[in-house]
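Enquirer: sequence first, predicted coordinates after that:
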Amino acid sequence: QVQLVESGGGLVQAGGSLRLSCAGSGRTFSGNAMGWFRQAPGKAREFVAAISWSGGMTLYADSVKGRFTISRDNAKMTVSLQMNSLKPEDTAVYYCAGRSFRTTGQEVGQYDYWGQGTQVTVSS
């Protein structure tokens with residue numbers, strides 16, 4: 001089993017940047033695809049970005065494409081989400097997630113384990 005802990009959330013003005021990190025533990029981290037999701041108040045959890053086990057393939061939601069970048073360091077067991085040009089509509093709790101497959105997925109149900117989430121608030 002892999003445990004995930006997110007960090008790096010906070011309050012930022014529109015147009016600013018934040019970098020989220022997700023620290024994993026457990027022997028299967030490097031073989032698993034990882035993803036970031038977010039959930040705004042009153043809304044369903046939605047896909048943000050995903051990365052394959054090797055980092056060779058990435059996938060983004062249309063709403064963040066060109067602004068967010070997902071990356072991973074298997075040696076350090078970390079996954080990061082660099083968020084630039086932030087907008088108020090990016091405000092949400094951001095969750096790191098992992099799945100027991102090497103390829104990426106966009107659905108909540110495709111991920112097997114989750115972090116506790118970190119709050120991102122973008123002010124206008």
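Expert: Here it is on my side, so go on.
Enquirer: now the helix or strand where Val79 lies: mean pLDDT?
Expert: Per DSSP states H and E, Val79 falls inside strand 78-83. Strand 78-83 carries an average pLDDT of 97.
Enquirer: list the buried ones in that strand?
Expert: Using 16 or more other C-beta atoms under 10 Å as the test for burial, strand 78-83 gives 78-81, 83. C-beta: built from backbone N, CA, C; applies to glycine.
Enquirer: stretch 102-116 too?
Expert: 104-106, 108, 110-111, 113-115.
Enquirer: isn't Ile70 right up against Ala49?
Expert: Yes - the criterion here is C-beta atoms under 8 Å, and Ile70 meets it with Ala49 at 4.1 Å.
Enquirer: any shared contact partners between the two?
Expert: Counting by C-beta atoms under 8 Å, 6 or more residues apart in numbering, the shared contacts of Ile70 and Ala49 are 35-36, 58, 60, 81.
Enquirer: nearest the middle, which residue of the chain would you pick?
Expert: Trp36 (2.2 Å; C-alpha atoms, centre = their mean).
Enquirer: model confidence for it, exactly?
Expert: pLDDT, Trp36: 98.
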